[in-house]
Structure formats: C-alpha cells, structure tokens
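K.L.:
next comes the sequence, and after it the predicted model I'd like to discuss.
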There are 2 protein chains.
Amino acid sequence: MLNRVRSAVAHLVSSGGAPPPRPKSPDLPNAASAPPAAAPEAPRSPPAKAGSGSATPAKAVETRASFSRPTFLQLSPGGLRRADDHAGRAVQSPPDTGRRLPWSTGYAEVINAGKSRHNEDQACCEVVYVEGRRSVTGAPRELSRGQGLCFYYWGLFDGHAGGGAAEMASRLLHRHIREQLKDLKEVTHESLVVGAIENAFQLMDEQMARERRGHQVEGGCCALVVVYLLGKVYVANAGDSRAIIVRNGEIIPMSREFTPETERQRLQLLGFLKPELLGSEFTHLEFPRRVLPKELGQRMLYRDQNMTGWAYKKIELEDLRFPLVCGEGKKARVMATIGVTRGLGDHNLKVCSSTLPIKPFLSCFPEVRVYDLTQYEHCPDDVLVLGTDGLWDVTTDYEVAATVDRVLSAYEPNDHSRYTALAQALVLGARGTPRDRGWRLPNNKLGSGDDISVFVIPLGGPGSYS
Amino acid sequence: MLNRVRSAVAHLVSSGGAPPPRPKSPDLPNAASAPPAAAPEAPRSPPAKAGSGSATPAKAVETRASFSRPTFLQLSPGGLRRADDHAGRAVQSPPDTGRRLPWSTGYAEVINAGKSRHNEDQACCEVVYVEGRRSVTGAPRELSRGQGLCFYYWGLFDGHAGGGAAEMASRLLHRHIREQLKDLKEVTHESLVVGAIENAFQLMDEQMARERRGHQVEGGCCALVVVYLLGKVYVANAGDSRAIIVRNGEIIPMSREFTPETERQRLQLLGFLKPELLGSEFTHLEFPRRVLPKELGQRMLYRDQNMTGWAYKKIELEDLRFPLVCGEGKKARVMATIGVTRGLGDHNLKVCSSTLPIKPFLSCFPEVRVYDLTQYEHCPDDVLVLGTDGLWDVTTDYEVAATVDRVLSAYEPNDHSRYTALAQALVLGARGTPRDRGWRLPNNKLGSGDDISVFVIPLGGPGSYS
C-alpha cells in the first residue's frame, strides 16, 4: 500500500489563515485506520456485485474499509455503530469541541435507508503541503512556507456497487493532486492548476485499475473536489454530485451533473466509432422506446450521436438491439447498468448478465470550474455548498439558498458552529422524518433514501482564508 | 440532376403574412441558371486545389456555377460583372423596385479583395411549401394551405476551396429540409423540426459526396440557415458564420462558431479513438508549440482530449509529430489545412502534400437554436442578423447592435427599404474604403478582405409574419 499522504490533517487550523503545522510523526490516522466496528450481523458472503442493492463484506479488511467514516468525525466504536444504523439514520457531524475543519467548514452526513449495507459516501477535508517547489510567483506569504506551498482541499465521494473506490479516493486523490502541483514550475496560471487536477483524477483512476485486486477496490465513485490555491477556488466534478455558491442570496452553479442523459452524445459517439464496445447486444442509436420485432421496416423516430432533435428512420434488424442509453431522469442507464457517466473506479463493472465492460463509456475526467475569491468582498453568509445526489434528488438550488439564509441568520456571524448547523439542516431537510412507513419531507413527499453528505464552505466566514 | 426545388420563390410576398402563391410552371429560375457572365479573364487552368488562394475554373459548367449570384439580386450580365470586380468591391443588394424578399428582409454582399477569383459566398431566401401533410395540429390558418404547410427559409453559405459546394447547398438544402418535414406526422414539437433540419444537413452532405464527380462540387462551405415555422425561428449553424438577434438594443447570440479552437476536444477525441485517421504524421495531443527533436525525454506542457487545462508529460517520439490542431484564432488549422470544423462538402479535401483525408474531422451536423417569436412583442427595430465571417472578423456584436440602432432610427418604421439599408451599412462597415494600399476602416485598421454577406431579418417589421 502507498505511504500515507503527507499532508497536514486539517484539525488545528484556527481563524486567520495561518498555515497548519506539518504533520507529526507518525502521521495522524486517516479514514482507513478508523477503529473497526463490531462484526456485521450479515452472514458471510462474497463481495457485493455491481448493481447489487446490498453489500455484506466478510473479510476483515473489507469490513474495515467499507465501514469507515471520515476521521474528522472522530467517531468512537459506539458512534460508528450509530452512524451505520439504517433505522435511526442519525445525522453525523464533527464534534463541537476541540478540532475544527479548515475555514470552519460545516459538514454533515447520514446513511441511506437500506439501499446498501453501509454508507458508501466518503468525505475528506485537508490542508495539503506541497514540497520542493523552486519558485512561486505571486504566492501570498501566508500560503507559502519556505520552498513549499499549501492548498486547501475538500472532497465528496459517492460510491456505488461497494464502498471501496470512494474510500480509496478519499484517502489518495489529494495526494495525486499534490504530486501534480509539485511538478509545476509555476502555478500562477489557472490552466496549469486545472490540468494538474485533471491529470490527478486520471492517475487516481489508473491506480484503482492497477490495485483493484490487491486492495478490494470494489465499485466506483463520483468525485466532487474543491481545491483552494492562491486566491482561486477550483471545483472539479466527475459524477452526479453538485456544488453551488450562494452569495448574497444569489445562486452560482459551480458544477454540472454527468449522467446518461447529459452525456448521451458523448456515449453515442463512442459507440458509433467503436462498435465493438457494444457487442451484438446494443445499438448506439436512441429510440423513444424499445423497438419491437414486428416494427421491422416501419418508420420510427430516432436520434443519432450528432443530433439533438428527433427524425425518422426505417427500422432495420440492428435497431432491435437494446439502446446504449435508455430511461429518463434518475432511471436513465448506460447499457441498462449504471446511472452516472463520470467517476473513478468501476474497472470490473460489466453489463448485467454479459461480459461487456462498462468502463470505456465512463470517463474519469472532471469538469473544472474556477471561481476567483478575490474578485468579490465576501460576507460570512456567502457559502459554497457541496452535496452528493442524496441532497439534490429532493432539494432544489433555491431551497438550499433559502435554508442558507434561514439557518445562518439565526447565528452570530462569528459563531464557528453556524456552518455545521447549516450542513445538518440541509441533510435533515433531504432525509426527512420517519412517517407513514418511510422517510417523509414536511410536504409529505418521500425524502431521500440515499446516503447524503454535505460540506458547507464559508467564503468570507470567521475561519476562512481572509 | 435533381428536379428543381418546388418552392415558391420569395419575391411576391407582400406585408401581412399572406401565403405566397404556388410556383408557376415552369419553375422560376434559381441561382444555378443565372445568366452566365462574360468569359473570365483568367487563363484556363485546373480547378483550384484545397487551400489555394485563387480559383480559375475553365469549363463552361464550372464557370457558370462559380460565377453565379443569388437570383434575388436580379443581376444583368453587366451587373454580374460589376459584382465580380475585386477592385471596385461594389456592395450588391436586391433592387429597390418590384420584388421584395419575404418579411422585407434586407440583404447585402460584397466580393473579396482578391482572396479567390469569384465570390464564394452564396445566399438563398425562399418560402417553401411542404405538400402532402395529413394533419397539422396547431398550425395557424394563414400558414397552412389545404393539406400543406409553408416555412420561411434564409441561408448563407460561405464556400472555401471553390464555390461549388456553396452553390449546390444554396440550391438544394431547403429542399432536403422540406423532404424531412414532409415525413413528419406532426411538426408541433420543436425537437422534430430540429431533427428534420439536422437530417437535412446530413443528406445534403451525402448528396455532395455522391455527386461530386458529375457536378464539380469542388470545395466545401459553411452553412448558416434560418427556418421560420409555426411561430418559431430555428437557426442552424455549421461553420464560422454567425447569427445574433438585436432586440431592444440587447444582443441575443443565436449561434456559435465551429473552429479548430472551439472544437479541439471533439477533434482530439476522434484522433485518439481512430489513430489511423492521423497516419504517422499527426499526434492528437496538443502542445503549446511544435516539439523539437532535441526535446525528447524532456517534460513539456500538453493537453489531451479530455483536458481543458495544461499538464506536463515526458516527450516521446510520437510527440514529435505535427499536432492535429495547431495555431490560434483565425490561423488555427486542422491538420495544418482547414480553419473551420463544420460544414458541407470537402469530400475530396486532403492534408497538404499528403493523401490523408480531412473529412472525417469535419462534421456536417449543425447546432440548432430555437427562438420563440411569440414570447415577446417585437417592434420594427428588432432584427435577426446573419453574416458570414467576413462581417464578424472585423465587427463585434456590439458594433452591429450600434449600427442597427443608427441605421434603423434614420428610417420610418414602415419603410420597407430600411433593412436593406442596414445590411448595406453592415457590409460597407466591414469592407471599409480603399486607402493606403488596402481596404481600411475609419479607425485605419484593415477591413475584411473576405467575401461578406449579410441578411437582416426583421422580427416585428412591416413585412414580417405578424
């Protein structure tokens, strides 16, 4: 296994933006070494397969990996058990006492309602020290230390088909980013930082492919990552998590979701150019519904990879194959198997009851958006909200902005706990309360039964960089 | 050759939106049958090659095709000669008397300053009747006639490496659109109209491929097309022409340009997935500059198809190949050959001094944007401006909006000639006046030496649909 990432775990940062101390030796424990919980009650069985609704890992190493929660939650064995309880679904946040996340970041999470055995979301929040830099032009004094440089880092990882990929990414992705930044002669141009993050995602994915057997990296994960470096916030998204800035009540989208619907044309183009990836089972063309054998020779609406509109074609034998992309909204799937089209891992994922690999259609590359923090005088109520799809499936951007306003106005601007309270309110609002045989929102609609994880990062708060 | 398009040539439309009469028999002359001009003074020579700066076709059929101008200009043989004069560069518009374009559309064009032998832009403006429709839900009475339906059509075609493709597209593309619309059971959903237009572009391109030998369809062309149907304006663009709406002084972009820079990632992806298209001469990777043999083994910034930022890689032998995309701005090229990445034709285009075909990298598919004309009460000063790159190379959207305001305010709102005056002003403003051995703008910068063509379509004018 790789050496532990040599970054300063971000629990000693006080307000004022002073750099964190270098990590003491030995390194602080990270998520992978959280205390193991009591043996799971589920029977021993092979690791969960792709698409399976439940995971019941048996071996000790797997149990530990899939049952770990972020270190910064500081969960005791009893707390870890409570965090893993699908019935109670208690909202977890870092304890109010002692350690605080950088910038007074708020964090809250809740486990799913039984969708998978454990919470497959993972989170990471670090201040990472980049060594060995020759010269840094334009680096503010408080951010550079000697020959080095620090960046702030937040990551949300939403695992699927197992928790291994999310756990591994939460431990190692920032390390890849650090290595990429170390390579740069200069980091002042944002396109170089963007390139470093893009490359880091690819290297993380390649590492998962290499080590998937030795380390039980089952499944894959969406990754939503924020890097703060030299006055700029970089938001990198691969998957269906979402980031928005709420600034003076205004909503600024900082990511977009990558799903079979939003990436239809990219997927179809790949199937068109590399038909061998479709086997003889799928067609890259899209039809409004599955074509029936009796419709051979008839004219039906279709869309090709270059089209956004619909046109007619005469149905041929190949059109009877299953469509590469089908379903709508949350039910949209690539090859009837997976509902997200970007992320890390999934190297073993096959089409259901087939040997066709899904991975060539999944891209590990994030879209990176850059936000210049110095271009605007942020107030303590301006925040960057990161959430996994558990939040956004049942909450609109506007509802989040309303909650931001409601919760933050109930706290003093210099109260460090207000961002955690906000993260908790967002998670609670998406989870709902148990009623009528389900988790229900105040409007009686179903709450999210998914894992829900939320970071609230203040952009001008008491603990922020400024 | 195909039968002439059975559409009503749009010269008898008066204000009030009454449908045009069906075309009389025989069909009115179209661009292809404009009177031939005097024999060109250039010496006989083979047709111009790709990228050549001059075209001097020799055979009668070619002379006619490359020397024709839009029929609606009603040019006499003498007028055609003046329109073809690179020295005078007289601005051409339809005559003020008699025939008028639909909606009182304004049009103006000017030939290039010697870049190619003839004006390689072409234009088309038609009212097209679609026959044989079974039922049209929601079709306003004034637009449907019996079993049929009319759409309004404007097209600008900017040819390169010869005028043949632009001439063919200006004659036939609306016919393909009509055929596609005829196929539809319903046209009320805009995605079906978008699909019909997308399919029509593909079929036009396939027809050019099939008939390129028999009909001397040399070169290729950018295509910018507007279809008005049932209250909606569809703007389809494939190439580097541009359409904007100027509405109450506000600018609404209605297209984007497709160039090696804007389409870098699509081109790189194709080269990455189909390396055989690059031969052994090109690499799909992008470097900030050509890599030198002595830099082998060194680290250099690069971008791959999935990246928007730059990262470092160690230079290998393959990286010494010529980059698939290189150059910046107007000098950006695909395989060092062509500066646009979408359009019709170019089936014979090869990489300079090579046998590698360019066409797989060029897409014939347009991006279609839809504008609902009924959602806003348009005034006579609200216009849709279409221009070839000759206009936009030297004119910003804001300058166009200022000219719209300046020219239209000098005319009565119900004066039909104001839109032609505006189109002329836009062309003149981009061409400039001869001074200091060149065509110069008032600020003494160089005017455009390219062919320049402009349509001004009033959205609430005296001749418009309303």
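P.N.:
Happy to help now that I have it.
K.L.:
next, A:Leu356: phi, psi?
P.N.:
phi -70, psi 130 (degrees, to the nearest 10).
K.L.:
quick one: contacts for the residue of the stretch 201-350 of chain A found nearest chain B?
P.N.:
Of all residues in the stretch 201-350 of chain A, A:Gly309 sits closest to chain B, at 2.8 Å by C-beta to the nearest C-beta. C-beta coordinates here come from the backbone N, C-alpha and C atoms, glycine included. Contact analysis of A:Gly309 by C-beta atoms under 8 Å, 6 or more residues apart in numbering or on different chains lists A:303, B:190-198, B:368.
K.L.:
hey, which helix is longest across chain A?
P.N.:
helix A:190-211 (DSSP state H).
K.L.:
isn't A:Leu391 up against A:Ser448?
P.N.:
Yes: with contacts defined as C-beta atoms under 8 Å, A:Leu391 counts as touching A:Ser448 at a distance of 7.2 Å.
K.L.:
which residues of chain A score low on pLDDT?
P.N.:
For chain A, applying pLDDT under 70 flags the ranges A:1-66, A:98, A:132-147, A:187, A:215, A:461-466.
K.L.:
show me what from the stretch 351-466 of chain A comes close to chain B.
P.N.:
Taking C-beta under 8 Å from any C-beta of the partner chain as the criterion, the stretch 351-466 of chain A approaches chain B at residues A:363, A:365, A:367-368.
K.L.:
quick one: which of the residues you listed is the most crowded by neighbours?
P.N.:
Highest neighbour count within those: A:Val368, with 25 neighbours (other C-beta atoms under 10 Å in any protein chain shown).
K.L.:
returning to what we had before: and the residues of the stretch 351-466 of chain A next to chain B, which is closest to chain B?
P.N.:
Looking across these and measuring by C-beta to the nearest C-beta, the closest to chain B is A:Phe365, at 3.8 Å.
K.L.:
for the closest one, what are its contacts?
P.N.:
Going by C-beta under 8 Å, 6+ apart, A:Phe365 touches A:198, A:201-202, A:238, A:342, B:306-307.
K.L.:
turn these into JSON lines, columns for neighbour count and distance to A:Gly219.
P.N.:
Below are the contacts of A:Phe365 laid out as JSON lines (neighbours: other C-beta atoms under 10 Å in any protein chain shown; distance: C-beta to C-beta, whole Å):
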{"residue": "A:Glu198", "neighbour count": "26", "distance to A:Gly219": "23"}
{"residue": "A:Phe201", "neighbour count": "27", "distance to A:Gly219": "17"}
{"residue": "A:Gln202", "neighbour count": "20", "distance to A:Gly219": "19"}
{"residue": "A:Ala238", "neighbour count": "27", "distance to A:Gly219": "15"}
{"residue": "A:Arg342", "neighbour count": "25", "distance to A:Gly219": "15"}
{"residue": "B:Asn306", "neighbour count": "19", "distance to A:Gly219": "22"}
{"residue": "B:Met307", "neighbour count": "23", "distance to A:Gly219": "26"}
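K.L.:
out of those residues, give me the two with the largest separation.
P.N.:
Taking C-beta to C-beta, the two most distant members of the contacts of A:Phe365 are A:Arg342 and B:Met307; they sit 13.8 Å apart.
K.L.:
ok so the residue of the stretch 201-350 of chain A closest to chain B is a helix residue?
P.N.:
No: A:Gly309 is assigned coil when assessed by DSSP: H, G, I helix; E, B strand; the rest coil, not a helix.
K.L.:
show me the strands in the stretch 201-350 of chain A, by range?
P.N.:
Assigned by DSSP state E, counting those that start in this stretch, the strands in the stretch 201-350 of chain A fall at A:220-229, A:232-238, A:242-247, A:250-253, A:282-283, A:299-302, A:311-314, A:322-323, A:325-326, A:333-334, A:344-345.
K.L.:
quick check on A:Lys182: phi, psi?
P.N.:
Main-chain dihedrals, A:Lys182, degrees, to the nearest 10: phi -60, psi -30.
K.L.:
is it correct that it is in contact with A:Gly148?
P.N.:
No: here A:Lys182 does not reach A:Gly148: they are 9.3 Å apart, not a contact under C-beta under 8 Å.
K.L.:
A:Leu428: how many residues sit nearby?
P.N.:
Using other C-beta under 10 Å: A:Leu428 sits among 17 other residues.
K.L.:
likewise the one 10 residues further on?
P.N.:
A count of nearby residues for A:Gly438, using other C-beta under 10 Å, gives 14.
K.L.:
again, but for A:Arg100
P.N.:
22.
K.L.:
distance of the residue nearest to it when sequence neighbours are not counted relative to A:Gly106?
P.N.:
Once flanking residues are discounted, A:Arg100 sits nearest to A:His416: 6.3 Å by C-beta to C-beta, 6 or more residues apart in numbering or on different chains. Taking C-beta to C-beta, to the nearest Å as the measure, A:His416 falls 9 Å from A:Gly106.
K.L.:
out of these two, which sits in the busier spot?
P.N.:
A:Gly106 (28 against 21).
K.L.:
the more buried one contacts A:Val427, correct?
P.N.:
No: A:Gly106 lies out of contact with A:Val427 (C-beta under 8 Å); the separation is 10.2 Å.
K.L.:
shared neighbours of the two, anything?
P.N.:
Residues touching both A:Gly106 and A:Val427 (C-beta under 8 Å, 6+ apart) are A:Val454.
K.L.:
name the residue most distant from the centre of chain A?
P.N.:
A:Gly297 (45.1 Å; C-alpha atoms, centre = their mean).
K.L.:
quick check: that residue touching A:Asp319?
P.N.:
No: in this structure A:Gly297 lies outside contact range of A:Asp319 using C-beta under 8 Å: 10.5 Å.
K.L.:
quick one on the thing from earlier: now the residue of the stretch 201-350 of chain A closest to chain B: phi and psi?
P.N.:
Given degrees, to the nearest 10, the pair of backbone angles that A:Gly309 has is phi -90, psi -180.
K.L.:
and the longest strand seen in chain A, does that touch chain B?
P.N.:
Secondary structure of chain A per DSSP state E: the longest strand is strand A:149-160. No: Strand A:149-160 does not reach chain B (C-beta under 8 Å from any C-beta); its nearest approach is 15.0 Å.
K.L.:
got the angle between that strand and strand A:232-238?
P.N.:
Interaxial angle of strand A:149-160 relative to strand A:232-238 (axes from the mean of the first three to the mean of the last three C-alpha atoms, to 10 degrees): 20 degrees.
K.L.:
so what strands line up beside strand A:149-160?
P.N.:
According to DSSP bridges, strand A:149-160 forms sheet pairs with strand A:121-130 (antiparallel), strand A:220-229 (antiparallel).
K.L.:
you'd agree A:Tyr302 is up against A:Lys314?
P.N.:
No: taking C-beta under 8 Å as the definition, A:Tyr302 is not a contact partner of A:Lys314, at 9.9 Å.
K.L.:
of these two, which one has the most company?
P.N.:
Applying other C-beta under 10 Å to A:Tyr302 and A:Lys314 shows that A:Tyr302 carries more neighbours, namely 22 against 11.
K.L.:
what about stretch A:337-349, how long is it end to end?
P.N.:
By C-alpha to C-alpha, to the nearest Å, the extent of stretch A:337-349 from end to end equals 9 Å.
K.L.:
got JSON lines for the contacts of A:Gly309, with distance to B:His378 too?
P.N.:
Below are the contacts of A:Gly309 laid out as JSON lines (distance: C-beta to C-beta, whole Å):
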{"residue": "A:Arg303", "distance to B:His378": "32"}
{"residue": "B:Glu190", "distance to B:His378": "19"}
{"residue": "B:Ser191", "distance to B:His378": "24"}
{"residue": "B:Leu192", "distance to B:His378": "25"}
{"residue": "B:Val193", "distance to B:His378": "20"}
{"residue": "B:Val194", "distance to B:His378": "22"}
{"residue": "B:Gly195", "distance to B:His378": "27"}
{"residue": "B:Ala196", "distance to B:His378": "25"}
{"residue": "B:Ile197", "distance to B:His378": "23"}
{"residue": "B:Glu198", "distance to B:His378": "27"}
{"residue": "B:Val368", "distance to B:His378": "21"}
